[in-house]
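[1] give me coordinates for this.
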Amino acid sequence: MAEQMLSAEVDEALGRGSYQRREEQSQAGYRNGYKGRSIRTAEGKIAVDVPQVRGREEPYRSAIWQALGKRSPALQKLAVEMYARGLSTRDIEDLLKELADDPEQREGLRPPQSLLSRSSVSRVTEVLWEEFEAFAKRDLSSFDVVYLFCDAVYESLRQQAGCRQAILVTWAICSDGSKVLLHLSLGNKESADAWLEHLRSVVSRNLPVPSTVTTDGAPGLIKAVEAMWPESERIRCWFHKMQNVLEKVPDEMREPIKRLLQDVRDAPDHQTGMQRAKALIDRYERELPSAMACLGEDLEASLAHLKLPSLHQKIRCA
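    Predicted structure coming up:
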């Protein structure tokens, strides 16, 4: 997304596209390759090829690139929406107005101005949509998937102010240890039907059957996973399990209960983990009935990670 916007900005500055010849003397300057730069995000550095321009009286400076260094969260939010539902020209225009960050605009002295013309924004949107469709339809058979992870992220979408929608996410760890994002889609209320449609998409694109599928406790997701991969081991995510149990524990007891839960999670094998969990439940079921009921819910799936090789258990629980 960043590279497409930067390229369109250069087209406008030079008055021609990257493969067009200069037709007028006033069209000074020329493209001079790319410089490798990066944008800092919550997920780490994202590499970006920034186009370079030479042959102008004044040095070329990209307003979009300067703004992205300060406004990467806005770009990340738009990227989520691109994968969730595709983008419109209006979405890109709104982002570019936000990136402009003109003091006079903020004070209402001048209407917001986009950093690119509408025609350039339209071209960027078309290219991004083509890339999105390629992502959503790509064949997945080349990924030697071992462990699958499914969850929903709730985002407030720009065109639906005040409305948070679930974006269903599936990613995997492959046999070589690499992580890969497989699919994203809108899921509304995380219903079983929404998750089934989401999972059928990855299966239809030749995703290998995973050894395990990790989920939270969402009933619709669990139902869809068990219907789609009955032969795979389903694992309950301990991050969510720990949160859910500790929310039902008084503050003064939270730390000791947390340590006992970690002791269950990190048991040397499945049998020991089950023994520790049942002992913890027996010990506190009268004092903390809600918390222990939460721990006991779907306990087999919560301890299924202990059936995996010990090295993989550590990687998954990190």
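[2] all helices of the stretch 151-300 of the chain, in order?
    Counting by DSSP state H, counting those that start in this stretch, the stretch 151-300 of the chain has these helices, from start to end: 192-204, 219-228, 238-246, 251-265, 270-284, 289-296, 299-302.
[3] CA atoms of the third one as PDB?
    Translated: helix 238-246. Provided in PDB are the C-alpha atoms of helix 238-246 (Å, rounded to 0.1, in the frame of the first residue of the first chain):
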ATOM      1  CA  TRP A 238      -4.000 -20.600  27.300                       C
ATOM      2  CA  PHE A 239      -3.700 -16.800  26.900                       C
ATOM      3  CA  HIS A 240      -7.500 -16.600  26.800                       C
ATOM      4  CA  LYS A 241      -8.000 -19.400  29.300                       C
ATOM      5  CA  MET A 242      -5.800 -17.700  31.900                       C
ATOM      6  CA  GLN A 243      -7.500 -14.300  31.300                       C
ATOM      7  CA  ASN A 244     -11.000 -15.900  31.700                       C
ATOM      8  CA  VAL A 245     -10.100 -17.700  34.900                       C
ATOM      9  CA  LEU A 246      -8.300 -14.900  36.600                       C
END
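[4] buried residues in that helix?
    Of the residues in helix 238-246, those scored as buried under the neighbour-count criterion (16 or more other CB atoms under 10 Å) are W238, H240, K241, M242, N244, V245, L246. All C-beta spots, glycine's among them, are computed from the backbone N, C-alpha and C.
[5] which among those gets closest to S62?
    Sorting the buried residues of helix 238-246 by distance to S62 puts H240 at the head of the list, at 41.9 Å, by CB to CB.
[6] surely the closest one meets T214?
    No - applying CB atoms under 8 Å, one finds H240 not in contact with T214, separated by 9.8 Å.
[7] ok, now which ones touch V213?
    With contact taken as CB atoms under 8 Å, 6 or more residues apart in numbering, V213 is in contact with L148, F149, C150, V225, W229, S232, E233, R234, I235.
[8] oops, could you answer that again for L246 instead?
    R254, I257, K258, L261, A291.
[9] those, buried ones only, as a ChimeraX selection?
    Selection of the buried residues among the contacts of L246 in ChimeraX, burial being defined by 16+ other CB under 10 Å:
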select :257,261,291
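[10] now the two most distant members of the contacts of L246.
    Farthest apart among the contacts of L246 by CB to CB are K258 and A291. That separation is 11.1 Å.
[11] is the residue nearest to H270 when sequence neighbours are not counted in a helix, a strand, or coil?
    Nearest residue to H270, sequence neighbours excluded (CB to CB, 6 or more residues apart in numbering): L306, at 4.1 Å. Classification of L306 using DSSP: H, G, I helix; E, B strand; the rest coil returns helix.
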